[in-house]
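> coords please:
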Amino acid sequence: MTTPIRRRALVWRTSRFLGLLFAAAACGLTQPDVAPPADGSNGPDDPGGTDRSGFVVLLVGDPGSLNASEDALRDRLGRLDLEVRVRDDDGFATAHADGCDLVVMSKTVDSETVGTTLKPVSCPVVFWEDNQQKLDMLATIDNDGSGGTAWHSTGDDLFIRSDAPASLRAGLEGELDFYTRRDEITFSPRGELVADAIVVAEFDERGGNPAVYVLEGGARLADGSRAAGRRVYFGLYDDTFRLLTSEGLALFDAALGWALR
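Purely as a prediction, here's the structure:
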């Protein structure tokens, strides 16, 4: 890293969970006493003594063998007052998201297996499976993948758009230490993102390859349809959530808070 991070407003200097607590407060949620059990099943009599008001679907490639990042992600989501339901991409149906508050899709899923299953889901969807952006899936980009789908590259920083809403960029601006070490970052192919998307961060500071972006429910998608709910793309890879810096986590929490509001 050669360029220091430029912060216009808020600098996240406290604990790594401050951003999530802010997001939870903004959503009218409270923090439970304990994280959910390993199988993600919580009921009215969970150890925290808090009745769950809703649930989050964590969609993964293999619920029986979560990677370190999926474990950490489940724990972080479990700190919201929402039940975390870990679901296998095999056999996943749109109905499994009925009544949910949020769907978070890991990149370990098989994009072809998931297909268009999440397209009609009305609750917010947070994802980083880059192929799911395609025209024939979530349709956030005008690209059918026929020319290749390697929409990722090795790096450890992102460039925060100064014109993005402050709440979405956690008050950060300029070059951001995204990972604690270099690894794969996914993104939208240059020039293919739908016009209704709000770009928060880019892989390339020269203006291209959006790595973090959001769409409001009702936004026009690349296939001409409208987004059934809020959509958040957050440029992680298979096992890189655990590599997020405190600033990277703040950016994630801001995106999560926006999705849940």
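> All the helices of this structure, in order from the start?
Using DSSP state H, the helices of the chain run over residues 18-26, 68-78, 111-114, 246-260.
> To D90, which of the ones you listed lies closest?
The closest of these to D90 is helix 111-114. By C-beta to C-beta, the value is 6.2 Å. All C-beta atoms are positioned from the backbone trio N, CA, C, and that covers glycine.
> Please tell me how far that closest one is from the chain's geometric centre.
Relative to its chain's centre, helix 111-114 lies at 18 Å (C-alpha atoms, centre = their mean, to the nearest Å).
> again with stretch 212-228
With C-alpha atoms, centre = their mean, you get 15 Å for stretch 212-228.
> Also stretch 146-165?
14 Å.
> how long is it from one end to the other?
Stretch 146-165 has its terminal residues 34 Å apart, counting by C-alpha to C-alpha, to the nearest Å.
> Can you point out the buried residues in it?
151-152, 155-161, 164 (16 or more other C-beta atoms under 10 Å).
> which residues are contacting it?
Contact with stretch 146-165 is made by 1, 8, 130-131, 133-134, 169, 172-189, 198-205, 209, 211-212, 235, 237, 251, as judged by C-beta atoms under 8 Å, 6 or more residues apart in numbering.
> picking up where we left off before, turn the helices of the chain into TSV, including mean pLDDT, mean neighbour count and distance to D89.
Output for those, formatted as TSV (pLDDT from 0 to 100; neighbours: other C-beta atoms under 10 Å; distance: least, C-beta to C-beta, whole Å):
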stretch	mean pLDDT	mean neighbour count	distance to D89
helix 18-26	40	19	25
helix 68-78	96	19	12
helix 111-114	97	16	5
helix 246-260	97	23	20
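> would you turn the ones you listed into JSON lines with distance to R87?
Formatted as JSON lines, the helices of the chain follow (distance: least, C-beta to C-beta, whole Å):
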{"stretch": "helix 18-26", "distance to R87": "22"}
{"stretch": "helix 68-78", "distance to R87": "12"}
{"stretch": "helix 111-114", "distance to R87": "10"}
{"stretch": "helix 246-260", "distance to R87": "18"}
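> closest to G145 out of those helices?
Per C-beta to C-beta, nearest to G145 of the helices of the chain: helix 111-114, 9.2 Å.
> quick one: low-confidence ranges for the stretch 1-150 of the chain?
Scanning the stretch 1-150 of the chain for pLDDT under 70 picks out 1-53.
> mind redoing it with 90?
1-53, 79-81 (pLDDT under 90).
> quick one on the thing from earlier: for L193, find the nearest of the helices of the chain.
The closest of the helices of the chain to L193 is helix 246-260. By C-beta to C-beta, the value is 15.8 Å.
> any chance you could map the strands in the stretch 1-150 of the chain?
Using DSSP state E, counting those that start in this stretch, the strands assigned to the stretch 1-150 of the chain run over residues 6-7, 55-60, 83-88, 102-105, 125-127.
> Compare the helices of the chain and give me the one nearest L102.
In terms of C-beta to C-beta, the element of those nearest to L102 is helix 246-260, at 6.2 Å.
> other SSEs contacting that closest one?
helix 18-26, strand 102-105, strand 125-127, strand 172-177, strand 198-204, strand 208-215, strand 231-234 (3 or more C-beta pairs under 8 Å, 6 or more residues apart in numbering; DSSP states H and E).
> Can you report phi and psi for the residue lying closest to G54 once chain neighbours are set aside?
Nearest in space to G54, with sequence neighbours left out and distances taken as C-beta to C-beta, 6 or more residues apart in numbering, is D101 at 3.9 Å. The phi/psi pair for D101 (degrees, to the nearest 10) reads phi -100, psi -20.
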